[in-house]
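>>> Give me a model of this one.
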Amino acid sequence: MAYDKRTLTPMPDWVIFLKKDQGLSPLGYMTYHLLLMCAGGSEEGGATWPTQEYMGDVLGAHPDTIGRIIKKELVPLGLVEVIKERWGTNNSLCRNTYVVRTRPADGFTGPLSLDDFAGGAR
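Take a look at the predicted model:
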């Protein structure tokens, strides 16, 4: 299979510089990137609705772990917003829609680029 640039989903620079002590684990990075891929990888982010089972299968993690990562890492950092949709008899069916953010939240104080991170010393 030949390389196709449409298979490239760039990660926003500011997300790369989030560190574990800020609450983003390596699996958190991978989960965010997968959601970004599923949302189409656009510069503006977007909405997507993969199941936690699907994401767990792709990333080699238990679906409950993926759910915890989203709730405890991605949402608090403003990387993802989760919209729960319920329908069916007694609202027994549920789907999460994930709105993937590519721009930092207002008030973000971390580095936004490699120059910011390195202090111009690269």
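>>> Walking through the protein, point out its strands one by one.
Along the chain, counting by DSSP state E, strands occupy 46-48, 80-87, 93-100.
>>> model confidence over the shortest one, on average?
To tie it back to what came earlier, the one meant is strand 46-48. Average pLDDT, strand 46-48: 90.
>>> Just the terminal-to-terminal distance for stretch 97-105.
19 Å (C-alpha to C-alpha, to the nearest Å).
>>> Pull out the buried residues from that stretch.
Using 16 or more other C-beta atoms under 10 Å as the test for burial, stretch 97-105 gives Y98, V100, R101, T102, P104. Placement of C-beta: from N, CA and C, glycine included.
>>> cool, stretch 36-55 as well?
Buried residues in stretch 36-55, defined by neighbour count with 16+ other C-beta under 10 Å: L36, M37, C38, A39, G41, G45, G46, T48, P50, Q52, M55.
>>> tell me the two of these that are most distant?
Farthest pair in those (C-beta to C-beta) is G41 and Q52. Separation: 20.4 Å.
>>> thinking again about what came up before, dump the buried residues of stretch 97-105 into a markdown table; add pLDDT as well.
As requested, those are exported to a markdown table (pLDDT from 0 to 100):
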| residue | pLDDT |
| --- | --- |
| Y98 | 95 |
| V100 | 94 |
| R101 | 92 |
| T102 | 90 |
| P104 | 88 |
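>>> Same list, the residues you listed, but as a markdown table with distance to S92 please.
Formatted as a markdown table, the buried residues of stretch 97-105 follow (distance: C-beta to C-beta, whole Å):
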| residue | distance to S92 |
| --- | --- |
| Y98 | 21 |
| V100 | 27 |
| R101 | 30 |
| T102 | 34 |
| P104 | 37 |
